[in-house]
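>>> Curious how this folds, go ahead:
(chains A and B)
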Amino acid sequence: MSGSAEKPLVSLEVSFGAAPPEGMVTPLCQSLLELCRPLLADEDAASRLRLTAHELLENIVKYSAASACELRFELHQNSSGSLFAQVQTSNVPRPENRADADERLAALSTAHDPLQHYDSIIADSARQPAGSGLGLARIHAETEYRLSHRFEGDALIILASGEVWLKKGTLP
Amino acid sequence: MSQTSELEPVQGADFSCSSRFADGKLGVSFVGTGDVGAIEPLGAYLKRVHAEATRLGVAEVSCDFRQLTFMNSSCFKAFVVWIDTVKNAQQSYRIRFLTDPAMHWQRRSLEALRRLAMNVVTVEGG
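Prediction:
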């Protein structure tokens, strides 16, 4: 996922035979957080990671067709020494949601002003019943994780990546 | 004759909200985790809060988030809908959020709600 030959400091991969049940999202995100909390420098980093993982997982729950899904997490160090957390989901969206997801994700990554874009999505969502893209926009604007996406066949891969800081003394 | 509030609390396994009305002020407290199980009860509760705030004619509703550990985007949206309703209501009131600075998501999410309606929303404690 990181594209680096370096072994990640932490990695977690969870596969589901079908879209995970709604009730699994919070416990899974809490487990991920507990796994990483001893390493993360502060609660802000933990909070950003939790929001990112939660919103991506809920997207899978809401919009998956009945097929396998996957959550992957890595914490790794790049060649310049910076540390990055990456959360990646893979699922097959329902055909009727595919174009909309592509459009919303592309709009997020090309938004000239992410905050203004977020505010506009929030305002629109007030009168939209569902599927406003608020969760993805929230990741983009509130966590500073960068979102990218691609399709592999029918599967939509969404990657959220953000820089984190580790507690002193947690690395050799 | 003094007025009383008739808001029924929401009591779930991981999420609850309750209100108090005293000295002409309506306060609502949110506790726990606002995830998928909280979406419907929260949306319905905020509609009742709006009806009650309007009935009581309060100038402000305070929302205590200090024991709310997380809120997903669907619960966040329930607040967006409520604030949008208040912003466009003939009989409006202010909404004041009380936050815990140690819960960093609160500052970021509530700041976005404040930008949605700066004349309606204030955020304290962040």
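
>>> Which strands or helices does the lengthiest strand in chain B pack on?
Taking residue count as the measure and DSSP state E as the definition, the longest strand of chain B comes out as strand B:60-71. Taking 3 or more CB pairs under 8 Å, 6 or more residues apart in numbering or on different chains; DSSP states H and E as the contact definition, the neighbouring helices and strands of strand B:60-71 are helix A:43-63, strand B:25-34, strand B:94-98, helix B:104-116. All C-beta atoms are positioned from the backbone trio N, CA, C, and that covers glycine.

>>> Give me the contact list for the shortest one.
Going back to what we said before, that points to strand B:94-98. B:59-66, B:82-83, B:86, B:106, B:110, B:113, B:120-125 (CB atoms under 8 Å, 6 or more residues apart in numbering or on different chains).

>>> mind listing what that strand pairs with, with the direction of each?
strand B:60-71 (parallel), strand B:121-124 (parallel) (DSSP bridges).

>>> tell me the angle of it relative to strand B:25-34?
What separates the directions of strand B:94-98 and strand B:25-34 is an angle of 50 degrees, with axes from the mean of the first three to the mean of the last three CA atoms, to 10 degrees.

>>> Could you give me the buried positions within stretch A:51-66?
A:51-65 (16 or more other CB atoms under 10 Å in any protein chain shown).

>>> Neighbours of B:Gly27, how many?
B:Gly27 is flanked by 18 other residues according to other CB atoms under 10 Å in any protein chain shown.

>>> A:Glu96 is nearest to which of the helices and strands packed on strand B:60-71?
The closest approach between A:Glu96 and any of the helices and strands packed on strand B:60-71, judged by CB to CB, belongs to helix A:43-63 at 9.6 Å.

>>> which residues touch the longest helix anywhere in chain B?
Longest helix in chain B by number of residues (criterion: DSSP state H): helix B:39-56. Helix B:39-56 is touched from outside by B:3, B:5-8, B:10, B:12, B:15, B:17, B:19, B:21, B:24, B:26, B:28, B:34, B:61, B:72, B:74-75, B:78-79, B:81-82, B:85-86, B:89, B:91, B:93, with contacts defined as CB under 8 Å, 6+ apart.

>>> just to revisit the earlier point, if you compare the strands paired with strand B:94-98, which one is most tucked away?
Burial of the strands paired with strand B:94-98 is given as mean neighbour count (mean count of other CB atoms under 10 Å in any protein chain shown); strand B:60-71 ranks first at a mean of 20.
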